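Visitor: sequence below, structure please.
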Amino acid sequence: MKDKFLKQASHEYSSNQRTVALLFMAPIFLFLLPWFFIWLGGRFDHWMNLPTVLDLPFNLILGLLLLLPSWLLGFWSVYSQFDIGRGTPVPLMATQKLIVQPPYTYCRNPMALGAFGMYLGVAILFHSIGAVLAVLLFAGLLLFYIKRVEEKEMEMRFGEEYLDYKQHTSFLIPRFWNRP
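Guide: The predicted model follows:
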């Protein structure tokens with residue numbers, strides 16, 4: 001199983017193939033997941049008779065302050081995987097190179113951080129405590145998966161180089177000082 005995974009992960013796809021994969025996945029992460037959080041959150045809000053998160057204009061200000069920079073961080077992370085790592089966030093088209101350039105010098109999971117911020121921003125824009133809770137649950141599950149599965153895969157693929165990177169780079173909270 002390990003050999004099959006390493007063989008699959010080491011296959012490099014063309015730029016066109018990676019672009020098609022990104023174009024297929026982008027609507028899921030940019031539209032379908034946020035819609036799902038809002039839909040689920042709205043149901044939860046109604047069922048539990050929850051109040052709104054913030055009223056106008058505070059929900060717009062906070063929501064956009066979270067959404068826009070988080071979207072940019074996520075986009076930068078995906079671009080880095082595509083350009084520097086010669087891969088995609090799609091596990092079947094794994095990066096071919098360990099990325100130790102920004103934004104991956106600030107934390108090991110900037111794409112996850114960007115997604116969480118973006119989804120929280122959307123939940124706040126829609127005034128939904130239920131959506132905020134759904135995003136936090138999703139974030140917890142994804143972080144658990146990253147810690148238990150993805151980090152092991154990275155260790156198998158990149159060995160000592162990844163272990164050194166892991167030792168010097170925070171997991172999720174960006175660190176802009178004391179970087180190697």
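Visitor: poorly predicted segments of this structure, please.
Guide: By pLDDT under 70, the weakly predicted segments of the chain are 1-2, 177-180.
Visitor: helices of that one, start to end?
Guide: Under the criterion DSSP state H, the chain contains helices at 2-10, 15-27, 33-48, 58-83, 110-125, 129-145, 151-168.
Visitor: which stretch among those is buried most, on average?
Guide: Among these, ranked by average contacts under mean count of other Cβ atoms under 10 Å, first place goes to helix 110-125 (a mean of 23). Any C-beta I mention is one placed from the backbone N, CA and C, and that applies to glycine too.
Visitor: show me what that helix is packed up against.
Guide: Counting contacts by 3 or more Cβ pairs under 8 Å, 6 or more residues apart in numbering; DSSP states H and E, helix 110-125 packs against helix 33-48, helix 58-83, helix 129-145.
Visitor: which neighbouring elements make contact with the second one?
Guide: Taking 3+ Cβ pairs under 8 Å, 6+ apart as contact, the helices and strands that helix 58-83 lies on are helix 15-27, helix 110-125.
Visitor: what's the angle between it and helix 15-27?
Guide: Orientation check (axes from the mean of the first three to the mean of the last three Cα atoms, to 10 degrees): helix 58-83 against helix 15-27 gives 160 degrees.
Visitor: check the first one too.
Guide: Between the direction of helix 33-48 and that of helix 15-27, the angle (the same axes, to 10 degrees) works out to 20 degrees.
Visitor: need the CA coordinates for helix 33-48. PDB is fine.
Guide: Provided in PDB are the C-alpha atoms of helix 33-48 (Å, rounded to 0.1, in the frame of the first residue of the first chain):
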ATOM      1  CA  LEU A  33     -18.900  24.300   0.600                       C
ATOM      2  CA  PRO A  34     -19.700  27.900   1.700                       C
ATOM      3  CA  TRP A  35     -23.300  27.400   0.500                       C
ATOM      4  CA  PHE A  36     -23.500  24.100   2.400                       C
ATOM      5  CA  PHE A  37     -22.300  25.800   5.600                       C
ATOM      6  CA  ILE A  38     -24.900  28.600   5.200                       C
ATOM      7  CA  TRP A  39     -27.600  26.100   4.500                       C
ATOM      8  CA  LEU A  40     -26.700  23.800   7.400                       C
ATOM      9  CA  GLY A  41     -26.100  26.800   9.700                       C
ATOM     10  CA  GLY A  42     -29.500  28.300   8.700                       C
ATOM     11  CA  ARG A  43     -31.200  25.000   9.600                       C
ATOM     12  CA  PHE A  44     -29.400  24.800  12.900                       C
ATOM     13  CA  ASP A  45     -30.100  28.400  13.700                       C
ATOM     14  CA  HIS A  46     -33.800  27.800  13.000                       C
ATOM     15  CA  TRP A  47     -34.000  24.500  14.900                       C
ATOM     16  CA  MET A  48     -32.100  25.900  18.000                       C
END
